[in-house]
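**Student:** quick one: sequence and predicted model below, then my questions.
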Amino acid sequence: DVEWATHSCIFGWPVMGIWADGLDGTDINGIARSNRLYRAPKDSVAWRRYLATADDFGTVRLFHYPTVKKRPHCEKARGHSSHVTNVTWTHDDMYVLSTGGGENSIFQWKLVTSDSPVVSTSSNHARTAAASARGR
């Protein structure tokens with residue numbers, strides 16, 4: 001087996017678990033594998049990478065890489081009002097950047113290694129502007 005520097009192809013053995021039942025092969029628009037190794041969930045001594053996905057349902061998902069089981073656990077992050085066109089990791093693997101197709105936005109998601117690894121940062125300008133307009 002060859003270990004590649006990146007993984008951004010939506011098809012292949014190491015990412016076959018991202019395809020849930022009912023997806024037609026066009027519902028996942030982009031993926032990106034982290035480069036750093038992270039300690040796997042509790043009760044494990046293994047080290048793993050993460051895989052971020054962008055889909056037609058406005059969701060950014062975070063899986064462990066490789067993800068080969070059917071219906072694996074993933075963390076879901078929502079914020080885009082339409083389909084997510086792509087995802088990528090920053091150079092230090094601290095953030096995932098996602099681009100939205102309908103609203104023409106770029107979101108920045110911070111990786112937090114806990115039970116919920118992905119949270120949105122305050123770069124969601126629309127939400128921040130809406131809160132400011134309400135006086136919050």
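**Tutor:** Yep, it's here. Model, not experiment: these values are computed from the prediction.

**Student:** so where does the residue nearest in space to the middle of the chain fall, helix or strand?
**Tutor:** Using C-alpha atoms, centre = their mean, the residue of the chain that lies closest to the mean C-alpha position is residue 52, 2.8 Å off. Element membership of residue 52 [criterion: DSSP states H and E] is strand 47-55.

**Student:** helix or strand right after that strand?
**Tutor:** Strand 47-55 is succeeded, C-terminally, by strand 59-65 (DSSP H and E).

**Student:** what is that next one packed up against?
**Tutor:** strand 47-55, strand 75-78, strand 84-89, strand 95-100, strand 106-111 (3 or more C-beta pairs under 8 Å, 6 or more residues apart in numbering; DSSP states H and E). In short, each C-beta sits where N, CA and C put it, glycine included.

**Student:** out of those, which gets nearest to residue 66?
**Tutor:** Each of those was scored for nearness to residue 66 using C-beta to C-beta, and the closest is strand 47-55 (7.9 Å).

**Student:** how far is that closest one from where the chain is centred?
**Tutor:** 6 Å (C-alpha atoms, centre = their mean, to the nearest Å).

**Student:** now that strand against strand 84-89, angle please.
**Tutor:** Relative orientation of strand 47-55 versus strand 84-89 (axes from the mean of the first three to the mean of the last three C-alpha atoms, to 10 degrees): 160 degrees.

**Student:** just the CA trace of strand 47-55, in CSV.
**Tutor:** Output of strand 47-55 as CSV, limited to C-alpha atoms (Å, rounded to 0.1, in the frame of the first residue of the first chain):
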residue,chain,number,x,y,z
TRP,A,47,-3.2,7.3,16.4
ARG,A,48,-5.4,8.4,13.5
ARG,A,49,-6.1,11.2,11.0
TYR,A,50,-9.4,12.9,10.4
LEU,A,51,-11.4,13.2,7.2
ALA,A,52,-13.7,16.2,6.5
THR,A,53,-16.5,15.9,3.9
ALA,A,54,-18.7,18.4,2.1
ASP,A,55,-22.1,17.4,1.0
